[in-house]
Every structure is written in C-alpha cells, then in structure tokens.
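In: Below is the sequence, then the predicted model.
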Amino acid sequence: MEITKQCSRKRRKQNAISIDRLSELPDSVLCHILSFLSTQESVATTILAKPWRYLWTFVPNLIFHFEDSDTINRVLLLRKLQKINTFRLTYGVDCNAYQVDTWITLAVERNVESVDIYLSFHVDLPRCLFTCETLVDLSLENCGLVPDIGSAVCLPHLKKLHLMYVGYEGDDSLSHLVSGCPVLEELLVQLYVEYCSCRISSPTIKRLMVNYLFEGERYDNRDYNKLEIDTPAVVYLQLLDCMKQYIKCGVLNFLTEADIEIFNSIKPQDGFPYSRSVVEFIDRLCNVECLKVDLSRCTEIIDSVLSAWTISFHNLAKLELSSGCSFLLKFLENADNLEILILGEVHEEMKGWMEPQQVPACLLSRLRIIKLAGIKGKKHEFEIIRYLLRNAKFLERVELVYPSSRNSVEKMFTMYKLKEILLFERGSKACEVVVVSKF
C-alpha cells in the first residue's frame, strides 16, 4: 500500500512539472512563439502563469484584427520593446485617419520591417511610410495614396510590395514608387482601368502580378488604357489585363512561368494595332516552361496578324489554354517540347478547326497528357480531340471534363455523345481516355 502511495505521489509530481514545462523556456523563445499569434491572442496568455504576465509586451510583432482603437492605443502604450518587426492592421470603421496615421508613424519610428494594412475605408497614409529605410515588406489594400514625381520615395531595403486598390496622385505615381525600391523582388498591383497608364520598370523584380481591372462605366469613359512592362529579371508573371488600346512589354529572358488573362469586351476602333499588341506580348513569353493563357474574353485577333506569328516556345512543357482554334493550332506548331496540354473553352471561329498541314513535332515525340475542361460535346471539340488522339504517338492519358447538370436527361445526352470519343483512333496504344463530371 505504501509503495502504491509513493508511486502516486511521484506521478503527480511528474505531471506538475510537465504542466509548467513551457514556462521554463527562455523568454526569447516564448516571445518568438507569441509572435505567430495575433496581438489579442498574445495578450490573452497573461492568465497562464505569473511569468507570462508581461511577456507579450516584448513581442516584436503587432497584429491587430478588428480591435477597437482604444485597445490598439493601450497596447502601443504598454509595449516595452522599442523595435517592431511586423505591424499588421485589419480594420473596420471604428477609427479615423488621424489614428491610422499615428499608429503607422509610430511603427516607422520603431524601425518596422513589415507593414500590412487593410482598411474598409480609404485614408491617406503618412508620407514617412514611403521613406522608411528599414521596410522590407509592404502590403496596402484599399488605403494610401502613392505619391507622384516630386515627392520623396526611398525604400532601400524593400523586397516585397503589394498594392491593392490604393490611390495614385498621378499617372506616374506607380513608376515613381517602383524606382525608389532598388532591391524590389516581388510586386503585386491591383488597380482599376481609370488609372489609364500603368508603367512598371525595374531591373530587380522576379515575381510580378498585375490585375488591371475595370469598374462598370468607368471603363467606357476612357479613351485609352496602356500597360507597359520592363522587368528583364522576372521569372514569374501573372497578368489580368482589361485593356482597350495596347500592352507593351520588354524582354523576359528569365521567365519560366506565366499566367495571362486578357479581357476586352469592347472592340477597338482599329483592330490591327490591338491584335499586333496582343501577339507581340505573347511573343515575349517564349522562354516559359509553364504557361496559362486565357483569351476566351478577348476580342478576336485579326487573321493576318496571327498567321504571321512564328515565334518558337522551345522550353514550354505545360500549356493551359482557353482561346480560339487558331491560337491552339499556333501553339501546337511552335511548342516542340510540349508534354502537358490543358484546354479550357476552345471557341469555334468562323473558319472552325483546321488540321495543320504537317503534324506538330510535340505530337510525334513529347505530348503525354491532355485534359479538356468544360467540354460540351460540340462539333469542333470532337474534331480537335479526334486529331490529337490520332496523331499523339506518346500520349498516356486524355481526361475529358464535362460540366455537371441537374437535368438528368441533359447529363445522359452529354455522356452519350462523349462516349463516342472512346471509339476514336489512337496513335498511342498506351493511351487511356477518362470521362469525368465537373462538380
């Protein structure tokens, strides 16, 4: 009995020790752990034990998610650590422009390295934010006014810049800001077409994401929209462009991956320069290994411009394409090393699908996987599939994805039509054809 009591006391003692094991870690380690929490969660740890009572005041990150302004002011007042690594503010309407200005100015004065501001209302931010020498990462959404030429911009250590629906003093504000970031590596810009001229030039950017959107009538009221890109070091490019006039791009020799969507619901007055602009831009993507292109909502490219397109995509291994038949044909002819082909909606043009006079090299030696997403069983889709199956000699898998329908009769009819494809001639004996429904 005595042995049992001793064992029981020993287990309780071991449990008691294990319960407080976390508190025995060095304060620097505990502060590092707390830095992954929001400030509200960090402050809540004061109830854990006496050593935790003031630990949160030494956490280098301030992360506020919808806290009221009084709480933010108290936190800033009680902090013991002068250095701020990260200042993140996600806010509703319970603050004013003066308070936001004060908080950000304080962060800049304490050598902040990362600033992430998202507001549900637009306010101008303090100019000192654009001359913060310690800033490495800056993300602004729905707030701020980017200064124009003539205003001081100096961000010597900034590597990552995200600007989402911010204000611009003038057409040259964005290029002025980028020119003040000599080591910038990643840039994300989301803006409306009302910002009529978008120029991005930097020798250091490696990841570039541009969403050039429009807002209802604002788009119709513009006479022109221009997008100019000069980023020779970029390796990843994402572009959603709603343009009426043209896009201009410099050399992209190091580009390996691109995601491009060009949307234009209003036909330009002169289709030739517009068509040439689109084709010349796609020419610049010739070094990519992985390419996603969506031209499904783009004004039809003039045949004379497209027929003269002969650029070679010698590195292209994976292509995801939504376009007309002519663009598909051009990519097949000019991407000799293509291994994976994913087709979104392939539009039937006036002349429809026309088989190339010579079988493309990628079909004879490289192409392994084909996926057709959103297939509807149209005549030109069947013609394309029949051609690819017959001529792709190393094809391993073809996946046909058709949109699901609540109408059982319509679903059965689509399935019946797609089963015809299973009987098509195949150039590769190892090829399997799979039909799946998209939910």
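Out: It's in.

In: Tell me the pLDDT of Y195.
Out: Note on Y195: pLDDT of 58.

In: no, scratch that, I was asking about N111
Out: 94.

In: ok, now the one 10 residues further on?
Out: Note on F121: pLDDT of 81.

In: Need the three-state assignment for it.
Out: Under DSSP: H, G, I helix; E, B strand; the rest coil, the three-state class of F121 is coil.

In: and the gap between it and N211?
Out: F121 is 21 Å from N211, where distance means C-beta to C-beta, to the nearest Å. Any C-beta I mention is one placed from the backbone N, CA and C, and that applies to glycine too.

In: repeat for F263
Out: 11 Å.

In: the strands in the stretch 101-250 of the chain, which residues?
Out: 114-119, 137-141, 145-146, 160-164, 167-168, 186-192, 197-201, 207-213, 226-230, 236-242, 246-249 (DSSP state E, counting those that start in this stretch).

In: Would you agree P126 is in contact with V108?
Out: Yes. At 7.3 Å, P126 counts as touching V108 under the criterion of C-beta atoms under 8 Å.

In: Just want to know which of the two has more residues nearby.
Out: V108 (21 against 18; other C-beta atoms under 10 Å).

In: wait, isn't that one in contact with R127?
Out: No. Contact criterion C-beta under 8 Å: V108 and R127 do not qualify, at 10.1 Å.

In: shared neighbours, F263 and N211?
Out: Listed contacts common to F263 and N211 are L240; contacts here mean C-beta atoms under 8 Å, 6 or more residues apart in numbering.

In: Let me see the contact set for the spatially closest residue to L163 that is not a sequence neighbour.
Out: Spatial nearest neighbour of L163, excluding adjacent residues (C-beta to C-beta, 6 or more residues apart in numbering): V189 at 5.2 Å. Counting by C-beta under 8 Å, 6+ apart, V189 makes contact with 163-164, 174, 198, 200, 209-211.

In: farthest-separated two in the residues you listed?
Out: Farthest-apart pair in those is M164 and I200; separation 15.2 Å (C-beta to C-beta).

In: Which one's more surrounded, F121 and N211?
Out: A direct count of neighbours by other C-beta under 10 Å for F121 and N211 places N211 higher, at 17 against 13.

In: beta partners of the more buried one?
Out: Q190, L240 (DSSP bridges).

In: That one against Q190, yeah?
Out: Yes. Under the criterion of C-beta under 8 Å, N211 makes contact with Q190 at 4.3 Å.

In: neighbours of V401, just the number please.
Out: With other C-beta under 10 Å as criterion, V401 counts 18.

In: repeat for I260
Out: By other C-beta under 10 Å, neighbour count at I260 equals 19.

In: give me the beta-bridge partners of it?
Out: L239, V293.

In: Next: V401.
Out: Beta-bridge partners, per DSSP bridges, of V401: A373, V436.

In: residues in contact with it?
Out: Applying C-beta under 8 Å, 6+ apart, the residues near V401 are 371-375, 436-438.

In: Quick one, which of those are buried?
Out: 371-373, 375 (16 or more other C-beta atoms under 10 Å).

In: show me where pLDDT drops low in the stretch 251-400 of the chain?
Out: For the stretch 251-400 of the chain, the stretches with pLDDT under 70 are 265-271, 299-304, 346-352.

In: Please enumerate the helices of it.
Out: Along the stretch 251-400 of the chain, counting by DSSP state H, counting those that start in this stretch, helices occupy 271-283, 303-307, 325-334, 361-365, 379-391.

In: Distance to F331 added to the strands of the stretch 101-250 of the chain, as JSON lines?
Out: Shown next, in JSON lines, are the strands of the stretch 101-250 of the chain (distance: least, C-beta to C-beta, whole Å):
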{"stretch": "strand 114-119", "distance to F331": "39"}
{"stretch": "strand 137-141", "distance to F331": "35"}
{"stretch": "strand 145-146", "distance to F331": "37"}
{"stretch": "strand 160-164", "distance to F331": "32"}
{"stretch": "strand 167-168", "distance to F331": "36"}
{"stretch": "strand 186-192", "distance to F331": "27"}
{"stretch": "strand 197-201", "distance to F331": "26"}
{"stretch": "strand 207-213", "distance to F331": "23"}
{"stretch": "strand 226-230", "distance to F331": "22"}
{"stretch": "strand 236-242", "distance to F331": "17"}
{"stretch": "strand 246-249", "distance to F331": "18"}
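
In: For L77, which of these is the nearest?
Out: strand 114-119 (20.0 Å).

In: so what secondary structure elements neighbour the closest one?
Out: For strand 114-119, the elements it packs on are strand 86-91, helix 97-109, strand 137-141, judged by 3 or more C-beta pairs under 8 Å, 6 or more residues apart in numbering; DSSP states H and E.

In: Please tabulate these in TSV, including the columns distance to C325.
Out: Formatted as TSV, the helices and strands packed on strand 114-119 follow (distance: least, C-beta to C-beta, whole Å):
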stretch	distance to C325
strand 86-91	46
helix 97-109	52
strand 137-141	40
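
In: Out of these, flag the one nearest R79.
Out: Taking these one by one with C-beta to C-beta, helix 97-109 is closest: 9.7 Å.

In: Show me the contact partners of the closest one.
Out: By C-beta under 8 Å, 6+ apart, helix 97-109 touches 62, 69, 72-73, 76, 84, 87, 89, 91, 115, 117, 119, 123-126, 128-129, 132, 135, 143.

In: and whichever strand or helix holds T71, how far out from the chain's middle?
Out: Under the assignment given by DSSP states H and E, the secondary-structure element containing T71 is helix 69-78. Its chain's C-alpha centre and that of helix 69-78 lie 34 Å apart, by C-alpha atoms, centre = their mean, to the nearest Å.

In: could you check the angle strand 86-91 makes with it?
Out: Between the axis of helix 69-78 and that of strand 86-91 there is an angle of 160 degrees, by axes from the mean of the first three to the mean of the last three C-alpha atoms, to 10 degrees.
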